[in-house]
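Engineer: Build me a model:
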Amino acid sequence: MALNVVIMAAGKGTRMKSALPKVLHRLAGASLLQHVLAAAAETGADASVVITGHGAEAVEAAVAAVAPAARCVRQEPQLGTGHAVQQAVPLLADAHATTLILNGDVPLIRPATARALVQACAGTKLALLTVTLADATGYGRIVRESPAGAASVTGGDAVRAIVEHKDATEAQRGIREVYTGIMAAPTALLKRWVMALSNDNAQREYYLTDIVAMAVAEGVPVVTAAAAGETEVLGVNSPVQLADLERRYQRARAEALMEAGVRLADPARFDVRGTLECGSDVEIDVNCVFEGQVRLGDGARIGANCVLRDATVAAGAVIHPFTHIEGAEVGAGALIGPFARLRPGAVLGREVHIGNFVEVKNSTLAAGAKANHLAYLGDATVGERVNYGAGSITANYDGANKHRTVIGNDVHVGSNCVLVAPITLGDGATIGGGSTIAKDAPAGQLSVARARQVTIPGWQRPKKPGR
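Structural biologist: Residues are numbered from 1 along each chain as shown. Here you go, the predicted structure:
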């Protein structure tokens, strides 16, 4: 049976107090909508339709970037959830199909939960995803009816209606089982129901929830599936709610890593904004951020306040505090930082040392190479056991093009040197401190390029007038 997924993403999100469309605000490094699109893809959907409205151009561009197969349709003006689904009706294949409706501001819905809801629908029933909350304020209540006809709030009785909070009676507001905004329905029936909706209510809007009464009137079974917990069905309507959901998400990620053996100094001060794979005996200190795809090998140790993005850290490497690593590979047993920066293209071999205030970009350093203080290596190939002195840099950019520096094995570069690329330093070469080297340095020899020191007798420093 074919599966359509419709994602509601037209709302303005007034309480976000932001020019950015609500569904494009970010959680764990990805937009709210991107999370929902990923969940939709994991349901095995045959087609996805995103309903846009406020900030439609930005939202549609975001959809095209991460889910190019999804189709977008605009809801203008926004006249309620039922009206939104009406806009998607022409794009929904209905022959032997089910339609799953998700919300673009409910980012943590689990694909397994969505699939269970589709299974509950079974192509013949209206299936509602519900959750029981301690405080149900603002949510549509699930109104059930016992076989005897008495109103009931028990989970086993037939669903008769969903009543929006603003339209609910005091008795109905006491119901704690709520509708999450997520449903699955036979597509042919859904199309007919939404096109028959009325806006005869307090808000003069077309409520998608009114199709429950239509299903009941036609004798179509209305069934429910329960969410595993409230976190996966919480929506985002304000910065406070977004921050709360971020911490819930990060705590869950932290606990999963700790259960797998990772030692986190404080799971409350830990952020993953992508994927993080850890070997055994990994230790992570406080306030570390992992973005994109990060892999940490066995026994790797990450100090406090580090940021790693799209990086690989091999077994036994130590990343000292306040280090930033992006698009780089760190070899086994390497020591990096503190206050170091590895930029894209940095590939460090075994037991390489990169110290405080050292920056490496698009360079390879072979086993045992060291740059321990205040240095820059850009577009360089560095051999084994090289010692690169404090204050030294590769001058790799001529104003138009980048050039490469090649440093052979066992080279010693003194402090405060400038290596003007393109240049090659032969194996075992020594560069005297303070040198500006613009020509290849021969292997095994000392090269010095600096002016002879001169002292000027009788010279006086200029003084400001009146002093």
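Engineer: Next, find the distance separating Gln252 from Leu245.
Structural biologist: Just so we're on the same page, residue 252 is Ala rather than Gln. Distance, Ala252 to Leu245, using C-beta to C-beta, to the nearest Å: 11 Å. Heads up, the C-betas are built off the backbone N, CA and C, glycines and all.
Engineer: anything in contact with each of these two?
Structural biologist: Thr231 (C-beta atoms under 8 Å, 6 or more residues apart in numbering).
Engineer: which one of the two has more residues nearby?
Structural biologist: Using other C-beta atoms under 10 Å, the more surrounded residue of Ala252 and Leu245 is Leu245, with 20 against 15.
Engineer: can you list contacts of whichever strand or helix holds the more buried one?
Structural biologist: Under the criterion of DSSP states H and E, Leu245 resides in helix 239-259. Residues outside helix 239-259 that contact it (C-beta under 8 Å, 6+ apart): 16-17, 25, 27-28, 107-108, 231, 234-236, 264, 267-268, 270-272, 276, 278.
Engineer: Restricted to strands, list these.
Structural biologist: Here DSSP state E is the test, and the contacts of helix 239-259 give Leu27, Leu264, Phe270, Asp271, Val272, Leu276, Cys278 as lying in strands.
Engineer: For His35, which non-adjacent residue is spatially closest?
Structural biologist: Excluding its sequence neighbours, the residue lying closest to His35 (C-beta to C-beta, 6 or more residues apart in numbering) is Pro107, at 3.6 Å.
Engineer: Lys166 now?
Structural biologist: Leaving aside its sequence neighbours, Lys166 sits nearest to Ala202 (C-beta to C-beta, 6+ apart; 5.9 Å).
Engineer: what do you get for Ala254?
Structural biologist: Using C-beta to C-beta, 6+ apart, the closest residue to Ala254 is Pro267 (3.5 Å).
Engineer: count of residues packed around the one you found?
Structural biologist: Neighbours around Pro267, by other C-beta under 10 Å: 17.
Engineer: Regarding Ala41, what is its secondary structure?
Structural biologist: Ala41 falls in the helix class when you classify it by DSSP: H, G, I helix; E, B strand; the rest coil.
Engineer: got the contact list for it?
Structural biologist: Ser48, Ala67.
Engineer: residues in contact with stretch 58-72?
Structural biologist: 7, 9, 20-21, 23-24, 31, 33-34, 37, 40-41, 47-52, 56, 91.
Engineer: So what touches stretch 180-187?
Structural biologist: Stretch 180-187 has contacts (C-beta under 8 Å, 6+ apart) with 4, 8, 81, 92-94, 97-103, 106, 109, 114, 117-118, 120-121, 123-131, 139-140, 193, 208, 211, 227, 233, 235.
Engineer: Give me the buried entries from these.
Structural biologist: Neighbour counting over the contacts of stretch 180-187 (16 or more other C-beta atoms under 10 Å) leaves 4, 8, 81, 92, 94, 97-103, 106, 109, 114, 117-118, 120-121, 123, 125-131, 139-140, 193, 208, 211, 227, 233, 235 as the buried ones.
Engineer: about what we covered before: okay, buried residues for the helix holding Leu245 please.
Structural biologist: In helix 239-259, counting by 16+ other C-beta under 10 Å, buried: Leu242, Leu245, Glu246, Arg248, Tyr249, Gln250, Arg253, Ala254, Leu257.
Engineer: Redo these as JSON lines? Include distance to Arg74 and pLDDT.
Structural biologist: Listed next are those as JSON lines, based on distance: C-beta to C-beta, whole Å; pLDDT from 0 to 100:
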{"residue": "Leu242", "distance to Arg74": "25", "pLDDT": "98"}
{"residue": "Leu245", "distance to Arg74": "27", "pLDDT": "97"}
{"residue": "Glu246", "distance to Arg74": "29", "pLDDT": "98"}
{"residue": "Arg248", "distance to Arg74": "32", "pLDDT": "97"}
{"residue": "Tyr249", "distance to Arg74": "30", "pLDDT": "97"}
{"residue": "Gln250", "distance to Arg74": "34", "pLDDT": "98"}
{"residue": "Arg253", "distance to Arg74": "35", "pLDDT": "97"}
{"residue": "Ala254", "distance to Arg74": "39", "pLDDT": "98"}
{"residue": "Leu257", "distance to Arg74": "41", "pLDDT": "98"}
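Engineer: Show the pLDDT at the closest residue to Pro221 other than its chain neighbours.
Structural biologist: The spatially closest residue to Pro221, leaving aside those adjacent along the chain, is Lys125, at 4.4 Å (C-beta to C-beta, 6+ apart). Note for Lys125: predicted pLDDT of 96.
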